[in-house]
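Q: Sequence plus the predicted model coming up.
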Amino acid sequence: MKLYIDGPINKYYVQTLCMIYFPGSKFSDDEEVGENTPQLWVSLNRNEDGTGVDVTARLTLGDRSAEAARHYDYRSDYTRERVEKIALGDAVTAVGNEITGYFPAWGMLTGVRPSKVASELLRHGHSKTKVKRDLNKDFFVIPKKASLATDVALNEARLIGTPDKKDCSVYVSIPFCPSKCAYCSFVSYTSRRLLSLIPDYLRRLLHDLDDIFNFISARGLNLKTVYIGGGTPTILDAEQLQLLLSCIARHTDVGKLQEFTLEAGRPDTITEEKLKVAVEYGVSRISVNPQILSDEVLSGIGRMHTVDEFYRAYELARNSGIRTINTDLIAGLPGDTFKIFSGSFDRLLELAPENITVHTFCVKKSAELRWTGENIYSIRGGDTGKCVDYSQIKCARAGYLPYYMYRQKNSMGNFENVGFSLPEHEGLYNIYMMEELHSIFAAGAGAVTKMVDYDAEGGVHKDIQRLFSPKYPYEYLDENGKVTMMEKLNKIEQFYTEKGI
C-alpha cells in the first residue's frame, strides 16, 4: 500500500488504520504502484487560531476513489493529540468504509488495548453509560463492543486497586515446544537438536533468576505474581520442572503471591508427575489449552495432540488441586466453522474451568501458515464474528466476567481476544502486563523486561523502559548473552535509583 502524508501526522498510526481495511499490507516509500495497489493521501492542518484541526483523506483502489474532509474543534475532555487522532480516524475510516464496504466493529480504535479509552474516560469521572456512548459517538465503536470495552475497564479497575510503585512481577521464558503450530510466531524450538539445549538453558536461566530475585529482595520490592510462559513450559521433564520451581520457591514465599502461573498449554506435555511437582511448589494457576475441540482442525494447524488428550490432561489438572485452570480457544482457525466452534465452546463450559480465554485467529509474519499461499487475511472474518459473539454471550450467562482484553494486527475480522473468569480467579498477571502497571522482570531467551514508573493517582505512565534478552536460546547461552544480563541488571538498578523507587 502507498501512503502520501502531509502535515504533523504519525505515519504509524495511519498505517494501522489502513490495515483495518487492507490486512497484511506492507508500506514502503519505494513501492511501485500497480493497478490494484491501494493509495491513500492524508493531510492535517492545525487552525491558525489554535481552536481546531482540519483533516482530508483520499483513497483510491483501481478505478474507485473516495474522499473525506473533517474539521474538529479541540475540547477540554480530550488532549489535542487525542482530538487529532479522532479527526484522522474519522477521515480515514470514512474513505475505507466507502471503498471496501466494510464497517469495522471497533471503529477507528486500532491499538492493542481497545479498553484503554474506556479506562481513561472512567478515570475522568464519566459514568458507564456515558463511556459507552462516547465510544460509539466519537470512535464509531458499535454498541456491543463499546459495552464490552467498558465492562473490561471497570473489572480491571476493581482488580487493580491502587498499585504501589514497589510492586513487580517476574516472567520466566521457556521457549521450547514439542511441535510448532502453523499460526505461531513465538520464538519456540522443536527440533531434537535444539531441544537438546534445554539442560544448559535451564542452568543459565536459574542463574539469571537468582540475580533477579536478589535484586527484588535488596530493593524491598513487592512481588505480586510469577508467570512461567513459553513456548511450552511443561516440555521440561518432572526433574527439570522441580529445579525451576524450587529456585523460585527458594527466593520467595510463594504462598504470599497473588498468583503463580504455569502455562502448561499443550495437553501432550502434561503428566500427573509434573502436576504433583507444580502443586508441591505452590503453583496456583495453570493453562491447559485445547484451542479447538476438533481433531481435524487441530491436525490442520499442526497442533500435535487430540481432543481426547486434552480431556485427559484437563482431568489430571482438575484432580491435582491447582486452584485455577485456564483454557484457551481460538475463533476463526483454518477449517473451523461456527458449528465446530460453538460445539467446542459448549463442551468446554461443561468442564467449568475458572478461566476461559477466547482468541481471534491471527497469523504473524513469521508463522508457517502465512507461506502456504492461502488467503488467510479476512477483514470480515467469515464465521469468526459469530463465534466471538457466541463465546461472550455464553460466558455472561454462565457467570464469567470479561477482565482483560487485547487485539492483534491482521486478526480475522479485526476482532478481539478476551479473558473471562469466574469471580476471584482472574489472571492478574495478564492485567499487570497488558496495562503496564508495574515493572515486570523477565528471564530467558526472547523475554522482555519492562521497567515501569506509574503514577497510580493520575493513571499516567511517567516512564516505561524495555530491556530485551537475546532472542534465541543459543544466543542466550553464549558469553555475549551473559554480558547482556549483567548490563540489564545495571540498567534496572539505575532506573530504580533515578526514580527513587
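A: That came in fine, so what should we check first?
Q: what's the distance between the residue nearest the centre of the chain and V112?
A: Note on the chain: the residue nearest the mean C-alpha position is Y406, at 5.1 Å, using CA atoms, centre = their mean. In this structure, Y406 lies at 5 Å from V112, with CB to CB, to the nearest Å as the measure. For glycine as for every other residue, the C-beta is placed from the backbone atoms N, C-alpha and C.
Q: Now do the shared contacts for those two.
A: Here Y406 and V112 have M434 as joint contacts, going by CB atoms under 8 Å, 6 or more residues apart in numbering.
Q: Please report how far the closest residue to F213 other than its chain neighbours lies from L348.
A: In this structure, F213 finds its nearest non-sequential neighbour in H251, 3.5 Å apart by CB to CB, 6 or more residues apart in numbering. Counting by CB to CB, the separation of H251 from L348 is 36 Å.
Q: Equivalent analysis for D167, please.
A: Here D167 is placed at a distance of 33 Å from L348 (CB to CB).
Q: residue contacts, Q258?
A: Taking CB under 8 Å, 6+ apart as the definition of contact, the neighbours of Q258 are K224, T225, L428.
Q: Quick check: which element contains the first one?
A: So the one you mean is K224. Per DSSP states H and E: K224 is located in strand 222-230.
Q: out of H251 and L348, which sits in the busier spot?
A: A side-by-side neighbour count of H251 and L348, using other CB atoms under 10 Å, places L348 first with 22 against 18.
Q: my guess is the more buried one contacts N326, does it?
A: No: checked against CB atoms under 8 Å, the pair L348 and N326 is beyond contact range at 11.2 Å.
Q: what's the overlap in contacts for those two?
A: Counting by CB under 8 Å, 6+ apart, the common neighbours of L348 and N326 are I356.
Q: all strands for the stretch 251-400 of the chain, in order.
A: In the stretch 251-400 of the chain, strands defined by DSSP state E, counting those that start in this stretch lie at 259-265, 285-288, 324-331, 355-360, listed in chain order.
Q: Tell me which of those sits nearest to E493.
A: Closest approach to E493 among these is made by strand 259-265 (25.8 Å; CB to CB).
Q: name the helices or strands packed onto the closest one?
A: strand 222-230, strand 285-288, helix 428-435 (3 or more CB pairs under 8 Å, 6 or more residues apart in numbering; DSSP states H and E).
Q: Paired strands for the longest one, with orientation please.
A: With DSSP bridges as the criterion, the sheet partners recorded for strand 222-230 are strand 167-174 (parallel), strand 259-265 (parallel).
Q: just so I know, which of the ones you listed lies nearest R466?
A: When these are ranked by proximity to R466, the top entry is strand 167-174, at 12.5 Å, counting by CB to CB.
Q: for the record, mean pLDDT for that closest one?
A: Per-residue pLDDT values over strand 167-174 give a mean of 97.
Q: Determine which of the strands of the stretch 251-400 of the chain approaches Q39 most closely.
A: Across those, Q39 has its closest neighbour in strand 355-360 (28.5 Å, CB to CB).
Q: What pairs with that closest one, parallel or antiparallel?
A: According to DSSP bridges, strand 355-360 forms sheet pairs with strand 324-331 (parallel), strand 417-421 (antiparallel).
Q: mind showing which ranges of the stretch 401-501 of the chain have poor pLDDT?
A: Counting by pLDDT under 70, the stretch 401-501 of the chain contains low-confidence residues at 479-483.
Q: what sits up against stretch 21-36?
A: For stretch 21-36, with CB under 8 Å, 6+ apart as the criterion, the contacting residues are 1-3, 15, 18-19, 37-39, 61-62, 96, 99-100, 102, 377-379, 409-410, 414.
Q: Now restrict these to buried residues only.
A: 1-3, 15, 18-19, 38, 61, 96, 99-100, 377-379, 409-410, 414 (16 or more other CB atoms under 10 Å).
Q: Which strands or helices does the helix or strand harbouring D208 pack on?
A: Element membership of D208 [criterion: DSSP H and E] is helix 198-219. Under the contact criterion of 3+ CB pairs under 8 Å, 6+ apart, helix 198-219 touches strand 167-174, helix 238-251, strand 439-443, helix 473-477, helix 479-499.
Q: Now do the buried residues in the fourth one.
A: It refers to helix 473-477. Taking 16+ other CB under 10 Å as the neighbour-count basis, helix 473-477 is seen to contain the buried residues P473, Y476, L477.
Q: and the nearest residue to the second one once chain neighbours are set aside, what is it in contact with?
A: Pointing back at Y476 there. Nearest in space to Y476, with sequence neighbours left out and distances taken as CB to CB, 6+ apart, is A445 at 4.0 Å. Applying CB under 8 Å, 6+ apart to A445 gives the contacts S173, P175, V187, Y201, S469, P470, K471, Y472, P473, E475, Y476.
Q: shaky segments in the chain?
A: Per-residue confidence for the chain (pLDDT under 70) gives these ranges: 180-193, 363-377, 479-483.
Q: about what we covered before: distance to D210 for the contacts of A445 - can I get that in a markdown table?
A: Supplementary listing: those in a markdown table, determined by distance: CB to CB, whole Å:
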| residue | distance to D210 |
| --- | --- |
| S173 | 16 |
| P175 | 20 |
| V187 | 23 |
| Y201 | 15 |
| S469 | 16 |
| P470 | 18 |
| K471 | 22 |
| Y472 | 22 |
| P473 | 19 |
| E475 | 21 |
| Y476 | 16 |
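Q: Between the strands paired with strand 355-360, which one is closest to R75.
A: Among these, the nearest to R75 by CB to CB is strand 417-421 (30.6 Å).
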